[in-house]
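Trainee: Predicted structure and sequence below. I'll ask about it afterward.
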Amino acid sequence: MIDIPPALQAKLDAGATTLCWVWILTRQDGMKFGFTDHDQVLELEGVSCEPASGFTHGDLRSETGGAPARGAVFGQLDSGVITRADIAAGVWDGAGLALYRVDWTEPSLFWRAFTGELGEIRHGDQGFEADVSGLSARLNRTIGRAFSRLCDAELGDARCGVDLDAAGCRAEGAVSEQITARAMRVSGANSLDASALTHGVLSWPGASWPDQRIVSARNEGAERVIELEGAVPEGVTVGQAVHLNRGCDKRFETCASRFNNALNFRGCPHMPGNDALIRPVSARR
């Protein structure tokens, strides 16, 4: 049930038309940013909400049966607030979203229409689109470890134990060409075959850009064509140094053969699969 302040309800009953939308985003680092479709700055919940952000939202749907509410928000990329670089770096991943309906003539009169968090964020040349889910979506997340044939450690972390700086785990090269928004050609990284780089990590020595996951890699002569999970950062030029780390598909066979690390495998490789459940009963004992 929506709790509307009596004073605001009285205005609504009288046919008030001085309502606007306000969005307040709270990043994982605690920073809060406010946006409004009104033409003036509004103060709400201690946050200065800026106009002219291009912010809007699509349908925010609440489902029956306990399914979380879902929707989307849209906005303009802004050099001072939401930037391509921050989106690529994951700064806005999981940010909290509160949507308010506010009387702009008296901003102390408002109600909260939706509370949730941002999911996947996509951006183009001028704007971005972010999936939104209600807070109940957190109940669908896996908490703790799960039984799986695949390893649940991250390559190179304390539970994995692989030293990514060791010989044979890293190749050094340089960008020779950017092919698409997410793909580029790398030269000089001949010490590792492309087959070992899928699921690996690319880092940018000497730059402040975050490490990026390698989705796929292939050999093209003496060069490697690398496709990244996210966009190539703005500012990357030909000659930019890169480090390419071996990848791991989290299978036991890969852990043992590629990294000689079977003792640290954090999965259940011999766990029976679904085929064991549907196998016909045998008369043999």
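Mentor: Cool, the structure landed. Residues are numbered from 1 along each chain as shown.
Trainee: what does the longest strand belonging to the chain contact?
Mentor: With secondary structure taken from DSSP state E, the chain has its longest strand at strand 110-123. For strand 110-123, contacts defined as Cβ atoms under 8 Å, 6 or more residues apart in numbering pick out 2-5, 8, 22, 25, 44, 60, 68-69, 71, 73, 77, 84, 87, 92-103, 128-135, 137. To be clear about C-beta, it is placed using only N, CA and C from the backbone, and glycine gets the same treatment.
Trainee: who are the neighbours in contact with Arg28?
Mentor: Not quite, residue 28 is Gln, not Arg. Neighbours of Gln28 in contact, by Cβ under 8 Å, 6+ apart: 93-95.
Trainee: Buried residues in stretch 2-22, which are they?
Mentor: Within stretch 2-22, the residues that count as buried by 16 or more other Cβ atoms under 10 Å are 8, 11, 19-22.
Trainee: Pull that stretch out as PDB, backbone CA atoms only.
Mentor: These are the backbone C-alpha positions of stretch 2-22, laid out as PDB (Å, rounded to 0.1, in the frame of the first residue of the first chain):
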ATOM      1  CA  ILE A   2       1.300   3.500  -0.900                       C
ATOM      2  CA  ASP A   3       1.600   5.800   2.000                       C
ATOM      3  CA  ILE A   4       0.700   9.300   0.700                       C
ATOM      4  CA  PRO A   5       1.000  12.200   3.200                       C
ATOM      5  CA  PRO A   6      -2.400  13.600   4.000                       C
ATOM      6  CA  ALA A   7      -1.400  17.100   2.800                       C
ATOM      7  CA  LEU A   8      -0.400  15.700  -0.500                       C
ATOM      8  CA  GLN A   9      -3.500  13.600  -0.800                       C
ATOM      9  CA  ALA A  10      -5.600  16.700  -0.300                       C
ATOM     10  CA  LYS A  11      -3.800  18.400  -3.200                       C
ATOM     11  CA  LEU A  12      -4.300  15.400  -5.400                       C
ATOM     12  CA  ASP A  13      -8.000  15.300  -4.500                       C
ATOM     13  CA  ALA A  14      -8.100  18.900  -5.600                       C
ATOM     14  CA  GLY A  15      -6.600  18.100  -8.900                       C
ATOM     15  CA  ALA A  16      -3.000  19.200  -8.400                       C
ATOM     16  CA  THR A  17      -0.800  19.200 -11.500                       C
ATOM     17  CA  THR A  18       2.400  20.200  -9.800                       C
ATOM     18  CA  LEU A  19       3.900  16.700  -9.700                       C
ATOM     19  CA  CYS A  20       7.300  15.500 -11.000                       C
ATOM     20  CA  TRP A  21       9.500  12.400 -10.900                       C
ATOM     21  CA  VAL A  22      12.600  12.200  -8.900                       C
END
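Trainee: Centre of the chain to it, how far?
Mentor: 36 Å (Cα atoms, centre = their mean, to the nearest Å).
Trainee: ditto for stretch 247-255
Mentor: Counting by Cα atoms, centre = their mean, stretch 247-255 comes out at 23 Å from the chain centroid.
Trainee: Identify each buried residue in it, please.
Mentor: Going by neighbour count (16+ other Cβ under 10 Å), the buried part of stretch 247-255 is 247-248, 250-252, 254-255.
Trainee: Can you get me the start-to-end distance on stretch 258-277?
Mentor: Taking Cα to Cα, to the nearest Å, stretch 258-277 runs 32 Å from one end to the other.
Trainee: Mean confidence (pLDDT) on that stretch, please.
Mentor: The average pLDDT within stretch 258-277 is 88.
Trainee: got it, and stretch 18-36?
Mentor: Stretch 18-36 comes out at a mean pLDDT of 91.
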